[in-house]
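[1] Predicted model, plus sequence, below.
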Amino acid sequence: MSGRTLILGLAAGYHYGDVRPFLASLDRAAYTGDLVFFVSKTTRGLERMQAHGVKILPMDRQPGLEDVPCNGLRYFLYQEYLRTCGETYDRILISDVRDVVFQGDPFAFPWPDGVCCTLEDASATVGTCPFNARWVREHLGEATLTAIADKPVSCSGTTVADHDAMLAYLARMTGLLLPPSTGECMAGYDQGIHNHLIHTDGLDNLTLFDNDGPILTLAQTRGEPAVNARGEILNQAGRVPHMVHQYDRKPSLFKMIRERFA
């Protein structure tokens, strides 16, 4: 894809080994766009991350965000960065960084304009997944959960958009993240908001890709994914996705990836 590209991630509390598969696989994919990690004071191995071309920025908390979990705080950080960076990007990927590997340049896929989100395996719905159900119910209410309970889960850990669409998405997310939900097992409540938005027409110009598309999300899939003779991970359609997310949920795959990028 022509034009400026950007990947944004949060590496709070991680060490270099946690994110090496992300960075080394991105290098292997010959990615040449911009890459920004927000880090905490406990993130270790910053110089080794920077050797991969990562721009490191502090995970500063603005007043009023003291109680927002890291998963939610990242949306405020990304929003402020895009507002002030002085660049306009053709495509932006916001991504988890500990459990994602690349099998190609993520922007080599022809992402349409607007917001692009990924659906997990169809076997799980928002209502049947105990984590997603809790996040929606406890933060947005029982009525909101009922309205989307039969919808497939979309993972908030990988979202692609053009610059203006990403800012609009982040505005909607940050607007619903406050006041924060700080109860038990609520650190991921941002995903409840994400699913509420995509399943209630809360986003303009939205495109949803299933697990046979450019991103393979593994948490809800059964068994280990297939791997071809070149060591590439395949989706259920037998194709090579550009990105693989949640590989740590699959023991054999996790071992293979960690050995490959040791």
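    Nice, thanks for sending it over.

[2] got a list of what the most centrally placed residue in the chain touches?
    Geometric centre of the chain, nearest residue: Gly157, 2.0 Å, by Cα atoms, centre = their mean. Residues near Gly157 by Cβ atoms under 8 Å, 6 or more residues apart in numbering: 95-96, 99-100, 217, 245-246. Backbone N, C-alpha and C define where each C-beta goes, glycine included.

[3] same thing but 7 Å
    Each residue near Gly157 by Cβ atoms under 7 Å, 6 or more residues apart in numbering is listed here: 95-96, 245.

[4] again, but for Leu203
    If a contact means Cβ under 7 Å, 6+ apart, then Leu203 has 115, 169, 172, 197 as its contacts.

[5] hang on, the earlier thing: tell me the one of the contacts of Gly157 nearest Leu206?
    Ser95 (18.1 Å; Cβ to Cβ).

[6] And the closest one, how close does it get to Phe22?
    8 Å (Cβ to Cβ, to the nearest Å).

[7] For those two, indicate the residue with more neighbours.
    Using other Cβ atoms under 10 Å, the more surrounded residue of Ser95 and Phe22 is Phe22, with 28 against 23.

[8] The more buried one looks like it's in a helix, true?
    Yes: remark: Phe22 belongs to a helix, assigned using DSSP: H, G, I helix; E, B strand; the rest coil.

[9] where does it sit relative to Phe37, distance-wise?
    10 Å.

[10] next one: Gly213
    Distance, Gly213 to Phe37, using Cβ to Cβ: 26 Å.

[11] who has more neighbours, these two?
    Phe37 (25 against 20).

[12] Contact partners for Phe76?
    62, 65, 174.

[13] What distance do you get for the last one to Arg74?
    When distances are taken as Cβ to Cβ, Thr174 and Arg74 turn out to be 10 Å apart.

[14] more neighbours, these two?
    Under the neighbour definition other Cβ under 10 Å, Thr174 and Arg74 were set side by side, and Arg74 has more, 23 against 20.

[15] any idea what that one is structurally, helix, strand or coil?
    On the basis of three-state DSSP, Arg74 is classed as helix.

[16] State the pLDDT value of it.
    Looking at Arg74, its pLDDT is 98.

[17] Let me see the contact set for it.
    10, 38.

[18] And Ser181, by the same measure?
    So, once contact is read as Cβ under 7 Å, 6+ apart, Ser181 ends up touching 138-139, 189.

[19] can you do 8 Å?
    135, 138-139, 189.

[20] Helices of the stretch 51-200 of the chain, residue ranges please.
    Assigned by DSSP state H, counting those that start in this stretch, the helices in the stretch 51-200 of the chain fall at 70-84, 130-140, 142-148, 163-177, 189-199.

[21] List the buried residues in the second one.
    Burial within helix 130-140, assessed by neighbour count using 16 or more other Cβ atoms under 10 Å, is assigned to 131-140.

[22] repeat for the first one
    Across helix 70-84, burial judged by 16+ other Cβ under 10 Å covers 70-79, 81-82.

[23] Strands along the chain, start to end?
    All strands of the chain, identified by DSSP state E, fall at 5-10, 34-39, 55-58, 91-95, 100-102, 115-119, 154-161, 206-209, 215-217, 243-245.

[24] strand partners of the second one, parallel vs antiparallel please.
    Think strand 34-39. strand 5-10 (parallel), strand 55-58 (parallel) (DSSP bridges).

[25] Relative to Gly238, which of the ones you listed is closest?
    strand 5-10 (27.0 Å).
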